Structure formats: structure tokens, C-alpha cells
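> no FASTA, just this:
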Ligand code: SF4
């Protein structure tokens, strides 16, 4: 009998990018050796396949920290306070509602509630808060409580994380943000935040959220003690879960700032490194539809450039931010008008979206007034 062996042709990484073929873990690691412009060109090519229209999106949102009290002592965190600190706080429901009123006044559509692990708060604080927001602002999407907060509430109340998610969803929670992932590798997590949930738990809670119809986002914070291979391992774990659930609407990455933290001696990542990571994320996460820039941590100007390195979304205007700014980052806050101008200046058309990444308004260019000039 004739033995016929068929072998798949092997393609270079560039050919695989053009063909839309999935990159292996080893190939993904080798992207760190590709020059930055080539990497950006490849990532922008994949972005165009996913988002052919020359549009960059943003959301009008507000981040609200309901408490800064936390018992988890993450080494990179400059935001939290222990319960007896003079500036420790818990926001009342009325305070939260007043701040959301300001969001609604500028046509905002999303609120992100995020806080420390505060043992004095019981389940009814979270459910009362959600119900109050739902009742008074039915038009606002509540995108809140990262997996570590869900885990904390469950341990505090003797409930499973799935039970907590179901209770919060019933009270008004609509989707779960991907905060607290940092780098989803045990070695890194054990150094950076040893008392916070392990990577497998973070992924497990996201899977549970997706299983009951709550969509999610995935994040990455890089530039501390992790290796390049561990950054790729993080992306692989996100990609693997996304294959299973399809629940991640977007991926968001930013680099650490270490001022005001016990890690102040570490060297922070550079702008080129950020663009490289954005491009690598676009190329590796072939199943996550949206990629956000991180203007708050990386600067507004670099965020504009990232729109040519694979990103298609500028994130939110935030209105208020306390976690990143506690580390000493002084990026001025963003207005909707500035966001529109920043996007327009990249040659793309700005579009306001909702939390589900559905476009709610496109800001077409204003007709230009013709200014005659003599040569
Ligand atoms: S990062 Fe979150 S969990 Fe960690 S110390 Fe800060 S507030 Fe607490």
C-alpha cells in the first residue's frame, strides 16, 4: 500500500497575520523581537479586519469608588486605606446617586463602581446601591464589581461567587469589569498581591458571570516583576476562556506607576513598550473584538498613537478617577469634547458607544470653512 503523508505548510508569522491564523504561544513570544513599526503595521491590519470602518469609539462614563477601605494590601496599590485611617471612607447611597446625576447631565451612559475589600459592608449595601441606581437612572448601565470584590463579598457572606453574582444581577448589575487581573500567572500574583484571588479564581468568576449572561472585560497591568513569557501566558489564558464563553467584550491594558507604593524602586515601562504590548495584544487575542487604549496611565498623546497600533477604542472619559491618580499620575481629566478632538486628530471618526460597544452617536466632521490663501 502506498503511504501518503500530508503535512500542513508552515507559514511565517507575517503570513499567519495576513491569513488570520492563530499564533501559537511560542510565536506570540517571538513578537517581542519584531521591530515596533512592523508590529504596529501587522496589528493595524488585524484591527482593520475586525473594524473596517475608520471609526474610533469611546464611552461617556464615571468611575466611582464606593469605599477606599481594604484589607488586602496589594503592593502596587496607593489607593486603599486601613479602616482606622483618618481619610478612610464609605460613600452613602445618596452621595453615589448625586455623582451619577452629574454623569446623566452630560449624557453619560455607564457607571463603574469599584472599591476595596471592606469588611464593614454587608451584602445589603451592594444590593441597595444597585437597586437605587437602577430605579433612579434606568438609562445608566451598571458595569461594576471586579472578580476580587465578588469573591470578597461571597467570603464575607458565606455565599459562593455564583450566588453573589446572581444576587447582584437581580439587584441591577449588568456587566462585570476585568479589574484585578494584573498578570494572570501565580508566581507574579503571589509577589504583587499575595492576599488577592489567584488567577484561576479570577478566570473562574468571569466564566460564572458569562454563564448567567453578564458580559465582561479583560485587563492586564504589566511592567513589574513579570517576564515577557508571563505576559504572553496572561494573554493565552484570556484567549482560552474567550474561546469557551465569548463573554469578553474588550481587552484593556496599562502599565504600572509605582510612586507612593512599596514598589517605588522598580523602573516603569516606557511608551514604546506600551505600543508594543497593544500591538501584541491585538495579534494574540484574535477572539476579543475590542482593544482599548489607556489614556489615563499612558497619556492622551500616546493613546492617540495606539489607535494605529491595533486599538479601536479610547475607553471612557471617566469623569472621576482615584485609584491610578493615587500613584502620582497627573493626567488631567478628559471631557467629551476633548475626546472627540483627540480621535478626529488621528484621522478617524469619533463615535460614542455604550457598554456593549454598540454605537450610539457618530460625530461626523464639521463642514470645513474654506479659507482662501495665495501661493
Ligand atoms: S488593589 Fe484593590 S484589593 Fe488590592 S489593596 Fe488596592 S483596593 Fe485593595
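Happy to help now that I have it. Only a predicted model underlies this, so the values are computations on that prediction, with no experimental measurement involved. Numbers count the residues shown, from 1 in each chain.

> where do the helices sit along the protein?
For the chain, helices defined by DSSP state H occupy the ranges 13-19, 25-30, 36-50, 93-105, 123-136, 147-157, 161-171, 186-192, 199-211, 228-245, 271-284, 295-298, 300-306, 336-344.

> Quick one, which of the ones you listed gets closest to residue 326.
Checking the helices of the chain against residue 326 by C-beta to C-beta gives helix 295-298 as the closest, at 12.2 Å. Yep, even glycine has a C-beta here, placed from its N, CA and C like the rest.

> hang on, the earlier thing: quick one: closest of the helices of the chain to residue 81.
Closest among the helices of the chain, once you apply C-beta to C-beta, is helix 147-157, at 16.0 Å.

> Can you give me the buried ones in that closest one?
147, 148, 149, 150, 151, 152, 153, 154, 156 (16 or more other C-beta atoms under 10 Å).

> Tabulate those in TSV, adding columns for distance to the ligand.
Rendered in TSV, the data for those read as follows (distance: C-beta to the nearest ligand atom, whole Å):
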residue	distance to the ligand
147	11
148	6
149	8
150	12
151	10
152	8
153	13
154	15
156	14
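
> Make TSV out of the residues you listed and add pLDDT.
TSV is the format used below for the buried residues of helix 147-157 (pLDDT from 0 to 100):
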residue	pLDDT
147	98
148	98
149	98
150	98
151	98
152	98
153	98
154	98
156	97
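
> What is the most widely separated pair among those?
147 and 156 (14.8 Å).

> So what's the residue count around the residue of the stretch 101-250 of the chain at minimum distance from the ligand?
Residue nearest to the ligand within the stretch 101-250 of the chain (C-beta to the nearest ligand atom): residue 116, separated by 3.9 Å. Neighbours of residue 116 under the rule other C-beta atoms under 10 Å: 27.

> do the same with residue 175
Residue 175 has 22 nearby residues by other C-beta under 10 Å.

> who's it bridged to?
residue 143, residue 215 (DSSP bridges).

> List the contacts of it.
141, 142, 143, 209, 214, 215, 216, 217, 249, 355, 356 (C-beta atoms under 8 Å, 6 or more residues apart in numbering).

> Could you find the closest non-adjacent residue to residue 223?
Spatially, and ignoring its direct neighbours in sequence, residue 223 is nearest to residue 269 (3.4 Å; C-beta to C-beta, 6 or more residues apart in numbering).

> For the one you found, give me the backbone phi and psi.
phi -70, psi 160 (degrees, to the nearest 10).

> Same question for residue 118.
According to degrees, to the nearest 10, residue 118 has phi -110, psi 110.

> Identify the residues contacting it.
Applying C-beta under 8 Å, 6+ apart, the residues contacting residue 118 are 67, 69, 70, 71, 83, 90.

> got a winner among the residues you listed for most neighbours?
Going by other C-beta under 10 Å, residue 70 tops these with 24 neighbours.

> returning to what we had before: to residue 321, which of the helices of the chain lies closest?
Taking those one by one with C-beta to C-beta, helix 295-298 is closest: 6.2 Å.

> now for the closest one, which elements pack on it?
When contacts are defined as 3 or more C-beta pairs under 8 Å, 6 or more residues apart in numbering; DSSP states H and E, helix 295-298 packs onto strand 248-255, helix 300-306, strand 313-316.

> mind putting these in a markdown table, mean pLDDT included?
Converted to a markdown table, those look like this (pLDDT from 0 to 100):
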| stretch | mean pLDDT |
| --- | --- |
| strand 248-255 | 97 |
| helix 300-306 | 97 |
| strand 313-316 | 96 |
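
> Does residue 149 touch residue 112 like I think?
No - with contact defined as C-beta atoms under 8 Å, residue 149 does not reach residue 112; the gap is 11.6 Å.

> mind checking which of the helices and strands packed on helix 295-298 is nearest residue 221?
strand 248-255 (5.9 Å).

> wait, does the closest one contact the ligand?
No - using C-beta under 6 Å from any ligand atom, strand 248-255 stays clear of the ligand, with a minimum separation of 13.5 Å.

> sorry, back to before: generate the PyMOL command that creates a selection of the buried members of the contacts of residue 175.
To isolate the buried ones among the contacts of residue 175 in PyMOL, judged by 16+ other C-beta under 10 Å, type:
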select buried, resi 141+142+143+209+214+215+216+217+249+355
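
> Of the contacts of residue 175, which is the nearest to residue 192?
Closest to residue 192, out of all of these and judged by C-beta to C-beta, is residue 217, at 20.1 Å.

> Tell me the spacing between that closest one and residue 31.
Distance of residue 217 to residue 31, computed by C-beta to C-beta, to the nearest Å: 23 Å.

> One more: residue 296?
Residue 296 is 25 Å from residue 31, by C-beta to C-beta.

> again, but for residue 361
36 Å.
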